[in-house]
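A.B. asks: Provided below are the primary sequence and the corresponding predicted coordinates.
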Amino acid sequence: MSRIGKHPVEIPEGVTCEVNGQEIVVRGKNGELKAQASKEVKITKDDKGILVRPCDESKQARMLWGTWKNRIRNMVKGVTEGFTVRLEINGVGYRAAAEGKNLRLQLGYSHDILYAIPEGIQIRCEKPTVVVISGADSQRVGQVAAEIRAYRKPEPYKGKGVKYENEYIVRKEGKKK
């Protein structure tokens, strides 16, 4: 039985939630998020918040119970606080700059990489070597961070590349004479 799914998702002040069958719409100061829930769960709204319950006792329904509770909780958190991922760029001459709707990355290739910033995502460069990605949808923020990191993953010998702020790179020793 899901311990995560038992408790309702609390709705803070300034957030409105609508449940129309399997569709959930959450509005707040950071925008609006929509999701179409799976048929295996039943979503209801009451005075305490949003309740998620499995439709039957199948294994699939029990798995999706906690998943959808957390997705709705992330939607509520996204429209109130938002999500942020920080990337660090390590390497001589490696840098990034936000230019309007594009992110310009110089990662040691013969050309600059222009990454088009998707709608609903904000990217700013605090320093030339620090990129901050923020937005209301946690999945999209993580996906954008993963796509930027994929241009030059950190390598284990010198540690050059794009890494998450809290990521630890296991270093290897080079060749010996």
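C.D. replies: All right, it came through fine.
A.B. asks: Looking at this structure, which helix is longest?
C.D. replies: Identified as the longest helix of the chain according to DSSP state H is helix 59-80.
A.B. asks: buried set for that helix?
C.D. replies: Across helix 59-80, burial judged by 16 or more other Cβ atoms under 10 Å covers 61-62, 64-69, 71-80. Where you see a C-beta, it was placed from the backbone N, CA and C, and this is true even at glycine.
A.B. asks: Other residues contacting it?
C.D. replies: Helix 59-80 is contacted by residues 1-5, 7, 9-12, 14-15, 17, 24, 26-33, 35, 37-38, 40-41, 43, 50, 52-55, 83, 135-138 when judged by Cβ atoms under 8 Å, 6 or more residues apart in numbering.
A.B. asks: now the strands for the protein?
C.D. replies: In the chain, the strands defined using DSSP state E lie at 16-20, 23-28, 31-36, 41-45, 50-54, 83-90, 95-99, 102-106, 113-116, 121-127, 130-135, 161-164.
A.B. asks: and the closest residue to residue 27 other than its chain neighbours, how many residues sit next to it?
C.D. replies: Leaving aside its chain neighbours, residue 27 sits nearest to residue 16 (4.8 Å; criterion: Cβ to Cβ, 6 or more residues apart in numbering). Residue 16 sits with 11 neighbouring residues when counted by other Cβ atoms under 10 Å.
A.B. asks: Could you do residue 42 as well?
C.D. replies: As a burial measure, residue 42 scores 17 neighbours (other Cβ under 10 Å).
A.B. asks: can you check the one 4 residues further on too?
C.D. replies: Residues contacting residue 46 under the criterion other Cβ under 10 Å number 8.
A.B. asks: just residue 86 next, same as before
C.D. replies: Around residue 86 there are 14 residues (other Cβ under 10 Å).
A.B. asks: got it, and the one 5 residues further on?
C.D. replies: Residue crowding around residue 91 was assessed by other Cβ under 10 Å; the count is 18.
A.B. asks: and it, what is it in contact with?
C.D. replies: Contacts of residue 91 were listed using Cβ under 8 Å, 6+ apart, and they are 107, 108, 152, 158, 160, 161.
A.B. asks: can those residues go into TSV with extra columns for neighbour count and pLDDT?
C.D. replies: Below are these laid out as TSV (neighbours: other Cβ atoms under 10 Å; pLDDT from 0 to 100):
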residue	neighbour count	pLDDT
107	19	93
108	12	91
152	20	94
158	14	91
160	19	93
161	20	94
